[in-house]
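Engineer: what's the 3D shape of this:
(4 chains)
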Protein chains: 2
Amino acid sequence: MPRAATTSDAFNAVAEPRRRQILEFLAAQERPVSEIAAGLGLEQPSVSKHLRVLRNVGLVRVRRHGRHKLYNTNAEAIRPLYEWTRTFERLWAHQLGRIKERAEAK
Amino acid sequence: MPRAATTSDAFNAVAEPRRRQILEFLAAQERPVSEIAAGLGLEQPSVSKHLRVLRNVGLVRVRRHGRHKLYNTNAEAIRPLYEWTRTFERLWAHQLGRIKERAEAK
DNA sequence: TTGACATATACCCATATGGGAATATAAACT
DNA sequence: AGTTTATATTCCCATATGGGTATATGTCAA
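Structural biologist: Have a look, this model is predicted:
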């Protein structure tokens, strides 16, 4: 069995650095494909492909505007990742505490 | 260019569902490989391979204990993911606000 | 309709992947 | 040393991937 598809969920989609860049870029403001490509220094087809993946998992939304398609980040889709990572917050607070204790014991 | 290696960073490592399961399992308590396999219903070699990936990106720690190797989650390594997702918190709060507004407008 | 602009898709390729099964390494006990 | 127990590695395979380039689709304007 190969690796799970990038489109299988937000975790996989977000694993690709360029896609994270795109999400950051589109968080500030909705943008057409060409501006994303220009802004991040990527080829247009590459951007389109990444956007397709992001769209498939609901991480971005599109709307037509003239001959452009305006994409923007759908933060709601990122939330599950946030919630999952947050599960460990208590844990790293603890671990930090122990490190602190050790440091202060000196 | 193929997909980035699962060991290239925490984002890629965590994209695999079983690895997330393992991290959750090891968050509660440190465990030997065999218990992970039994607890999650996975083959032992599979677990060892996943642990290797997780170890490579610092998501788990190991220590010897008798003939066992006890693995546990290193929450610190999850923190960057948390921080990244948290960047969008403001955004989804906003978007929820707009949805609320629309709902209340009815 | 034709042309210009914007985006999407198709194709090719090298490569890392996760599962399965078998085997290798390693440590502990007698 | 030899045996059992625990974990790691190796090999095989099907497959999705991301980049590049070329091309298709789509939309507006004249």
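
Engineer: Tell me the residues of chain A that contact chain B?
Structural biologist: A:3-4, A:6, A:11-12, A:14-17, A:20, A:23-24, A:27, A:73-76, A:78-79, A:81-82, A:84-89, A:91-92, A:94-96 (Cβ under 8 Å from any Cβ of the partner chain). For glycine as for every other residue, the C-beta is placed from the backbone atoms N, C-alpha and C.

Engineer: Can you tell me which of the residues you listed are classed as buried?
Structural biologist: Among the residues of chain A next to chain B, those classed as buried by 16 or more other Cβ atoms under 10 Å in any protein chain shown are A:6, A:11-12, A:14-16, A:20, A:23, A:27, A:73-76, A:78-79, A:81-82, A:84-85, A:88, A:91-92, A:95.

Engineer: tell me the contacts of A:N12?
Structural biologist: Residues near A:N12 by Cβ atoms under 8 Å, 6 or more residues apart in numbering or on different chains: A:4-6, A:57, B:15.

Engineer: helix or strand for it, which one?
Structural biologist: Taking DSSP states H and E as the criterion, A:N12 maps to helix A:10-14.

Engineer: Give me the contact status of that helix with DNA strand C.
Structural biologist: No - remark: helix A:10-14 sits outside contact range of DNA strand C, by Cβ under 7 Å from any atom of the strand, the gap being at least 9.8 Å.
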